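Peer 1: what would the 3D arrangement of this be:
(one chain, ligands or ions: 1)
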Amino acid sequence: MRKRIGYVLAVLAIALGGTVAVEAVAPSTASADECYTWSRTLSSGMSGSDVRELQIRVAGWVASGENLAIDGQYGPATAAAVKRFQSGYGLSADGVAGTQTFNKIYQLQDADCTPIHFDHSEFNYNCGARNYNGGKVTAATARENMRRVMWQLEAMRHKLGDRPLVVTSGFRSVSCNSSVGGSSTSLHMYGQAADLGLSSSPSQCQMWNSGKSAGFEELLGPGYPGHNDHVHVGNKASRFWSAPNC
Ligand SMILES: [Zn+2]
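Peer 2: Residues are numbered from 1 along each chain as shown. As a prediction, this is how the structure comes out:
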């Protein structure tokens, strides 16, 4: 979330007395976000790592069946996702990411760049290991993949009326995955999937349906073997949606 760190930096600069530290007190850092601060307005045709950071945050605002590419290129799909994000939060929807959009994102993110309603601790249980080790990708990649899933879930949560989603499983190491009976090709071993448990609201079918427009290409729910007590959401290249009882 947004924090005014200009004063802290100024005190630090005085304490350190160095030119490098003094340079850190640029006016633009006065309202910097703890996690990530955008320094320019982003719009169609632009590219860069700042576009990529934006894409991660709007990945859950796609059209039904879409999976946003996190490629650092501000194309039509990114502009459309930004537009949906803006209307979803009551901002004027022009598909251009400027101060208004960034301020909303700052409100929605924690210091570690995860969205406010989700935390790594909910996703890295990993059979008690509490880390992202032992999967099919490096721990850093699994963690980054999981962060994208979290932003998609934040969008889903908002669209479902700001009701909590209960995460029952996130990343699993290869051995953890086999010990819980997961599929040998499970996206959980990549940090690309999460399981959502049941609560009074939203219903299991509401969650399953909502996942379609939150960018999830793998969606398993009631009626699919082993999925009567949770909804599985995941990111993959090809689509596999199944919930015969919805
Ligand atoms: Zn699952």
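
Peer 1: and I105, that's in a strand?
Peer 2: No. Counting by DSSP: H, G, I helix; E, B strand; the rest coil, I105 falls outside a strand, being helix.

Peer 1: ramachandran angles for the nearest residue to it once chain neighbours are set aside?
Peer 2: Sequence neighbours aside, R57 is the residue nearest to I105 in space, at 5.4 Å (criterion: CB to CB, 6 or more residues apart in numbering). No exception for glycine: its C-beta is placed from N, CA and C like everyone else's. Backbone geometry at R57, expressed as degrees, to the nearest 10, gives phi -80, psi -20.

Peer 1: contacts only, for R57.
Peer 2: By CB atoms under 8 Å, 6 or more residues apart in numbering, the contact set of R57 is F85, I105, L108, Q109, P115, W151.

Peer 1: mind doing that once more with 10 Å?
Peer 2: Contact analysis of R57 by CB atoms under 10 Å, 6 or more residues apart in numbering lists 36, 81-82, 85, 97, 101-102, 104-105, 108-109, 113, 115, 147-148, 151-152, 154-155.

Peer 1: quick check: V62 vs the ion, distance?
Peer 2: 21 Å (CB to the ion, to the nearest Å).

Peer 1: now that residue: closest residue in space, sequence neighbours ignored.
Peer 2: G215 (4.7 Å).

Peer 1: so A80 makes contact with Y74?
Peer 2: No. Using CB atoms under 10 Å as the test, A80 is too far from Y74 to be in contact (11.1 Å).

Peer 1: who's more crowded, the two?
Peer 2: Y74 (24 against 17; other CB atoms under 10 Å).

Peer 1: bridging residues for the residue of the chain found nearest the ion?
Peer 2: Proximity to the ion, evaluated over the chain using CB to the ion, is greatest for H232 at 3.4 Å. Going by DSSP bridges, H232 is paired in beta bridges with D195, L220.

Peer 1: next, count neighbours for it.
Peer 2: Applying other CB under 10 Å, I find that H232 has 27 neighbouring residues.

Peer 1: need the pLDDT of it.
Peer 2: You'll see H232 listed with a pLDDT of 98.

Peer 1: circling back to that earlier point, could you give the number of residues near the residue nearest to V62?
Peer 2: Neighbour count for G215, taken as other CB under 10 Å: 26.

Peer 1: phi, psi for it please.
Peer 2: Torsion angles, degrees, to the nearest 10, at G215: phi 90, psi 10.

Peer 1: any buried residues in the biggest helix by length in the chain, and which?
Peer 2: As assigned by DSSP state H, the longest helix anywhere in the chain is helix 139-159. Neighbour-count burial for helix 139-159, counted by 16 or more other CB atoms under 10 Å, picks out 139, 142-159.

Peer 1: swap in stretch 239-246?
Peer 2: Neighbour-count burial for stretch 239-246, counted by 16+ other CB under 10 Å, picks out W241, S242, A243, C246.
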